[in-house]
Every structure is written in C-alpha cells, then in structure tokens.
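Engineer: I would like the atomic coordinates for the input below:
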Amino acid sequence: MAYDVYTRGTERPCLPEGSYRFEDVGGVRLDEWQGAVFALTVDVDSEGTLSARGELTLDGR
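Structural biologist: Residues are numbered from 1 along each chain as shown. The predicted structure follows:
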C-alpha cells in the first residue's frame, strides 16, 4: 500500500499544520485470514515539515 502527500508545487506541503489520520481496511494471512485496519497518521508542524507513523490493528484489537 502506498500513500502520497501532494503539494502545490512549492516547498511547503498543501496540508495546514496539524495531524491527519488515514485508514484503510483489508486483511492479512498469518495462520488464518484476519481482518486488519491499516492506519497512517501524518503530522505537519509549523515549519511545514511532515512526519508519519503507521499502525496495524488485527480483528479490531
């Protein structure tokens, strides 16, 4: 899965300062098929710098 953060063609990101969470659902196969939620949180600071962190939750746990 790939995510892109688009810009307006300037040096700063198009998202204003703050945190943004994106989620997508799918599944993974370990010993058996399990539902999964893939989450990506993008933080934009006052300088326009992006940082990101991801998490994976299986079967709502």
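Engineer: In three-state terms, label the residue positioned nearest the centre of the chain for me.
Structural biologist: Nearest to the mean C-alpha position of the chain, by Cα atoms, centre = their mean, lies residue 40 at 1.8 Å. Classification of residue 40 by DSSP: H, G, I helix; E, B strand; the rest coil places it in strand.
Engineer: tell me the contacts of it?
Structural biologist: 3, 21-23, 52-54 (Cβ atoms under 8 Å, 6 or more residues apart in numbering). C-beta: built from backbone N, CA, C; applies to glycine.
Engineer: Return the subset of these lying in strands.
Structural biologist: Residues from the contacts of residue 40 lying in strands, with DSSP state E as the criterion: 21-23, 52-54.
Engineer: Tell me which stretches of the chain form strands.
Structural biologist: Using DSSP E, strands in the chain cover 18-29, 33-44, 50-58.
Engineer: Strand partners (parallel or antiparallel) of the last one?
Structural biologist: This means strand 50-58. Take DSSP bridges as the rule and strand 50-58 pairs in its sheet with strand 33-44 (antiparallel).
Engineer: What distance do you get for residue 28 to residue 35?
Structural biologist: Note on residue 28: its distance to residue 35, by Cβ to Cβ, to the nearest Å, is 9 Å.
Engineer: Now the common contact residues for these two.
Structural biologist: With Cβ under 8 Å, 6+ apart, residue 28 and residue 35 have common neighbours residue 58.
Engineer: just to revisit the earlier point, among the contacts of residue 40, find the lowest-pLDDT one for me.
Structural biologist: In terms of pLDDT, the lowest of the contacts of residue 40 is residue 3, showing 58.
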